[in-house]
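J.: Show me how the following folds:
(2 chains)
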Amino acid sequence: MTTQSPPPSRASAQLSNTKTTVEFRVALAAMAIVALLPLGVGNAYWLGVLIVSMYFAILAGGWNLLAGYAGQFSLAPATFAMIGAYTTGLLNHYYGVPPLLGIVAAIVVSGLVGLLLGRAVLRLAGPYLALTTLSFAEIMRLVAANSIDITRGDLGLGVAGLLDSRVGWYYLFLGALTVLLVLFYLLLRSKAGLFLQAIRDDEVAARRAGVDVVFWKTAAFALSAAASGFAGALYAHFAELVTPELGLIAQTGLILSMVVIGGMGTLAGPIIAAFLVYVLSEWLRDVGGYQLVVFAALVVIFARFFREGLWGLAMAAVRRWRQA
Amino acid sequence: MTLLSVRGVTKRYGGLVAVNNVSFDVAAGELVGLIGPNGSGKTTLLNILSGLADPDAGEILLDGKPCQGLTPEKLAHRGMMRMFQLTRVFRRMNVIDNLLVAGRALGLKPGEALDRARSLISELRLDAVAALDAGQLSGGQMKLLEFGVCFMVPPRIALLDEPFAAVHPTMKEIMGGFIRSRHENGQTFLLVSHDMPVVVELCPRAICMNAGAVVIDAPTRAVLADARVIEAYLGGQAA
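T.: Next up is the predicted model:
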């Protein structure tokens, strides 16, 4: 007589959702700590550094959705931030459109451009996808830089501010990051999260299982681009200036290093790593242009030895501690 | 009643005719074996049936409606479900999520999909590994999981490509039992296999292909005794 193991309980059956929930809670706890930082950080410079960290955290979260969860290795996240920034910037500069309306327009426009790019690269994967999106990113940046009559090129486009207080900006960025975190969490807990990860793991198997791969890949591109566009639009009104530098490949490199170091395909890792990497990059500013060299080296080390990033290392440490 | 009708299907790759004017019908509830030596066109035919390749000529009807040229996802929604020779699972997702992907994509509600996944996990004896990522499973367990994915929503027809290849006898027994019990309940199968004892045991009818064409379509024992089939497998001297 054979003994059959009992069927899995609902608790174990929801294991992956539990994992996402743990990541979400840790990310929320990190946001709570970030919310308290202005109490101790009075320096306007460092408040600014933390605000830009949150800008990058939104970009890292958006790119992680596309690359970490859906497996679409696009090299254009900074470009979509630039598109969002120019959308609200141009609307404000030429037509006097209020910032809040401009930010909504930026989300829509960058999302639509992301959708079109997603459709265009639908059949590409791996290095071909990366190279095509990199070309798109450079073309868009050069168009912005050379359309001097419209964008004022490298001189930059002056844009109206939204808030006078730096602390106000701090909490606006924190609110935006938290809202996106909640939206990503809800998305990943839904069937969309299952489908995106299935496409990442094996596109043919996903299609065989009945997943509409065209729809979900395009949706991932559009959502990721819309998140980046949102971040870019917020940044434009924070800096009161939009330049093509927002779309530099070096900016994408920074986003990529945040996600890889934090842990691709984890909800909390890239967002927390955005703070660590950006604050570290500010500390390293004194050593000139070597920040990117340091982060590139870290990316290589993490990609080679710690695929799950800092989040994976932290989880492994927790498991060891529990077993001890 | 005919469920699947393949009519004059042809597929060429340059000068090679991989599938040459193949025609056959599969009735609802039948379990048909598709055999033939390596390179005879069985997997190419399954690729065409499951939407992974377009035929150059011919027509495929599922439930009387044409379905050639449809995408794999549309075919899955119409009930054509394919299991691959080289196992395809979502390696970084756990066993339950692998099953939930198919369940949710094919329209099951969350609770219903979870209940179906639990029941299949129990039936396929994957209980002990249910919470592991699919990439951590053994080759046989991955095959069982792929079975489960195909049956989260019972398909109109299951296309199984070499499910028994390189699998531990215990796993083979579980798969055989799974196919047998589903067939007894009216499930339709097209089973590609080189494992002749299993084909004889499971399939009342078999189709043999060679060089892209159907050699014979008859009761399985008659197919295996046919001189053309023996020649196809062993070469001209055996005939």
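J.: can you give me the helices for the stretch 1-150 of chain A?
T.: Along the stretch 1-150 of chain A, the stretches classed as helices by DSSP state H, counting those that start in this stretch are A:10-13, A:15-40, A:44-63, A:77-95, A:99-120, A:126-146, A:148-151.
J.: export these to JSON lines and tack on mean pLDDT and distance to chain B?
T.: In short, each C-beta sits where N, CA and C put it, glycine included. Compiled in JSON lines, those are given as follows (pLDDT from 0 to 100; distance: least, Cβ to the nearest Cβ, whole Å):
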{"stretch": "helix A:10-13", "mean pLDDT": "43", "distance to chain B": "5"}
{"stretch": "helix A:15-40", "mean pLDDT": "89", "distance to chain B": "5"}
{"stretch": "helix A:44-63", "mean pLDDT": "96", "distance to chain B": "18"}
{"stretch": "helix A:77-95", "mean pLDDT": "97", "distance to chain B": "22"}
{"stretch": "helix A:99-120", "mean pLDDT": "97", "distance to chain B": "15"}
{"stretch": "helix A:126-146", "mean pLDDT": "95", "distance to chain B": "17"}
{"stretch": "helix A:148-151", "mean pLDDT": "94", "distance to chain B": "41"}
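J.: With mean neighbour count and distance to B:Pro55 as extra columns, can I get these in CSV?
T.: CSV is the format used below for these (neighbours: other Cβ atoms under 10 Å in any protein chain shown; distance: least, Cβ to Cβ, whole Å):
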stretch, mean neighbour count, distance to B:Pro55
helix A:10-13, 15, 41
helix A:15-40, 15, 39
helix A:44-63, 23, 40
helix A:77-95, 27, 41
helix A:99-120, 20, 27
helix A:126-146, 16, 28
helix A:148-151, 13, 51
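J.: now those as CSV including distance to B:Pro155?
T.: Below are these laid out as CSV (distance: least, Cβ to Cβ, whole Å):
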stretch, distance to B:Pro155
helix A:10-13, 23
helix A:15-40, 25
helix A:44-63, 37
helix A:77-95, 40
helix A:99-120, 30
helix A:126-146, 31
helix A:148-151, 55
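J.: Just give me the residue right at the centre of chain B.
T.: Nearest residue to the geometric centre of chain B (Cα atoms, centre = their mean): B:Leu160, 1.6 Å.
J.: For the spatially closest residue to A:Tyr69 that is not a sequence neighbour, grab phi and psi.
T.: Using Cβ to Cβ, 6 or more residues apart in numbering or on different chains and skipping the chain neighbours, the partner closest in space to A:Tyr69 is A:Leu196 (4.6 Å). Phi and psi for A:Leu196, reported as degrees, to the nearest 10, are phi -60, psi -40.
J.: still on that earlier bit, nearest to A:Val259, of the helices of the stretch 1-150 of chain A?
T.: Closest approach to A:Val259 among the helices of the stretch 1-150 of chain A is made by helix A:44-63 (5.2 Å; Cβ to Cβ).
J.: what helices or strands is the closest one leaning on?
T.: helix A:15-40, helix A:77-95, helix A:166-189, helix A:213-239, helix A:249-262, helix A:269-283 (3 or more Cβ pairs under 8 Å, 6 or more residues apart in numbering or on different chains; DSSP states H and E).
J.: Can you read off the pLDDT for A:Met1?
T.: For A:Met1, the model assigns a pLDDT of 36.
J.: Could you pull out the helices in chain B for me?
T.: Taking DSSP state H as the criterion, chain B carries its helices at B:42-49, B:72-77, B:95-105, B:110-123, B:139-150, B:169-184, B:196-202, B:220-225, B:227-234.
J.: Quick check: chain neighbours aside, which residue is closest to A:Phe275?
T.: Using Cβ to Cβ, 6+ apart, the nearest residue to A:Phe275 is A:Ser53, at 4.6 Å.
J.: An error on my part: the question was meant for A:Ile199.
T.: Nearest to A:Ile199 is A:Ala206, by Cβ to Cβ, 6+ apart, at 4.9 Å.
J.: Let me see the contact set for residue 207.
T.: All of this refers to chain A. A:Val213, B:Gly51, B:Thr71, B:Pro72, B:Glu73, B:Ala76 (Cβ atoms under 8 Å, 6 or more residues apart in numbering or on different chains).
J.: think we crossed wires, I meant chain B
T.: B:Phe24, B:Val32, B:Gly33, B:Leu34, B:Ile35, B:Val214, B:Ile216, B:Asp217, B:Val223.
J.: Tell me which entries of those lie within strands.
T.: Taking DSSP state E as the definition of strands, the contacts of B:Ile207 contribute B:Phe24, B:Val32, B:Gly33, B:Leu34, B:Ile35, B:Val214, B:Ile216, B:Asp217.
J.: Using CSV, please lay out the residues you listed together with neighbour count and distance to A:Ser190.
T.: CSV is the format used below for the ones in strands among the contacts of B:Ile207 (neighbours: other Cβ atoms under 10 Å in any protein chain shown; distance: Cβ to Cβ, whole Å):
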residue, neighbour count, distance to A:Ser190
B:Phe24, 18, 42
B:Val32, 23, 39
B:Gly33, 25, 41
B:Leu34, 28, 39
B:Ile35, 27, 43
B:Val214, 21, 46
B:Ile216, 18, 50
B:Asp217, 18, 46
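J.: quick check, nearest of those residues to A:Ala106?
T.: Nearest to A:Ala106 among the ones in strands among the contacts of B:Ile207, with distances taken as Cβ to Cβ, is B:Leu34, at 55.4 Å.
J.: correct me, but the closest one touches B:Val214?
T.: No: applying Cβ atoms under 8 Å, one finds B:Leu34 not in contact with B:Val214, separated by 9.5 Å.
J.: Contact partners for A:Leu172?
T.: Listed by Cβ under 8 Å, 6+ apart, the contact set of A:Leu172 reads A:Leu162, A:Leu163, A:Leu234.
J.: Excluding sequence neighbours, find me the nearest residue to the last one.
T.: Sequence neighbours aside, A:Ala176 is the residue nearest to A:Leu234 in space, at 6.1 Å (criterion: Cβ to Cβ, 6+ apart).
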